[in-house]
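> Sequence unavailable; structure follows:
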């Protein structure tokens with residue numbers, strides 16, 4: 001369900017840095033006024049929502065620069081509150097963009113704003129807002145896959161299958177390492 005959406009603000013335990021405020025314009029006071037909840041509560045609800053929209057098919061989480069920011073942050077926060085990380089394939093559109101358009105140079109060559117403009121020929125209103133950036137990923141992913149000569153649905157299926165295979169291999173290595181440690 002490419003159009004299913006879940007959005008909720010999260011109230012962090014600590015303060016919001018000035019740099020983060022400059023990018024997003026969200027303060028701790030704003031989050032309190034919005035009734036933002038802590039990460040554990042939001043994570044549990046998001047996990048239940050993901051199960052409900054997944055159905056019998058694969059689910060792929062998509063983020064721009066996700067491998068270097070979004071996915072590790074989510075994994076670390078989940079671990080901090082005693083939860084397992086989301087067990088879904090995680091696709092980073094910045095890595096895909098670098099493969100599809102390897103010759104781009106200059107500042108902003110692969111940023112979401114530029115890729116969204118390439119995909120839609122429109123400006124991205126609300127850039128760096130979570131919902132605006134999330135909505136931008138759908139046309140950006142479609143543009144990148146098509147520019148690479150592929151079909152979006154087929155690409156996502158292949159990506160998810162490759163992720164499952166890699167994840168199974170990792171789980172096997174972890175289990176082997178645990179058995180080796182217990183045997184020692």
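The structure has been received and is ready for your questions. From a predicted model like this one, the values you see are computed outputs, not experimental measurements.
> Contacts only, for residue 79.
Residue 79 sits next to residue 85 when contact means CB atoms under 8 Å, 6 or more residues apart in numbering. Backbone N, C-alpha and C define where each C-beta goes, glycine included.
> Could you do residue 156 as well?
Residues near residue 156 by CB under 8 Å, 6+ apart: 58, 60, 91.
> try residue 22
Counted by CB under 8 Å, 6+ apart, residue 22 has zero contacts.
> Quick check: which element contains it?
Taking DSSP states H and E as the criterion, residue 22 maps to helix 18-24.
> and that helix, average pLDDT?
Helix 18-24 carries an average pLDDT of 87.
> neighbours around the nearest residue to residue 60 once chain neighbours are set aside, how many?
In this structure, residue 60 finds its nearest non-sequential neighbour in residue 89, 4.5 Å apart by CB to CB, 6 or more residues apart in numbering. Residue 89: 19 surrounding residues under other CB atoms under 10 Å.
> Export the contacts of residue 156 as a markdown table, with columns for neighbour count and pLDDT.
As requested, the contacts of residue 156 are arranged in a markdown table below (neighbours: other CB atoms under 10 Å; pLDDT from 0 to 100):
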| residue | neighbour count | pLDDT |
| --- | --- | --- |
| 58 | 15 | 82 |
| 60 | 16 | 91 |
| 91 | 22 | 94 |
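> which one of the residues you listed is nearest residue 150?
The shortest approach to residue 150 among those belongs to residue 91, at 13.0 Å (CB to CB).
> Could you find the closest non-adjacent residue to the closest one?
residue 62 (4.8 Å).
> What are the boundaries of the helices in this protein?
18-24, 28-33, 39-54, 70-80, 93-100, 112-120, 130-147, 152-183 (DSSP state H).
> and of these, who's closest to residue 11?
For residue 11, the closest of the helices of the chain is helix 28-33, at 4.8 Å, according to CB to CB.
> Can you tell me which helices and strands the closest one packs against?
Helix 28-33 is packed against no helix or strand, with contacts defined by 3 or more CB pairs under 8 Å, 6 or more residues apart in numbering; DSSP states H and E.
> thinking in terms of the whole chain, how far from its middle is it?
From the chain centre to the centre of helix 28-33 is a distance of 24 Å (CA atoms, centre = their mean, to the nearest Å).
> One more: stretch 42-58?
14 Å.
> same question, stretch 46-60
For stretch 46-60, the distance to the chain centre is 14 Å (CA atoms, centre = their mean).
> Quick check: end-to-end length of it?
Distance between the two ends of stretch 46-60: 14 Å, counting by CA to CA, to the nearest Å.
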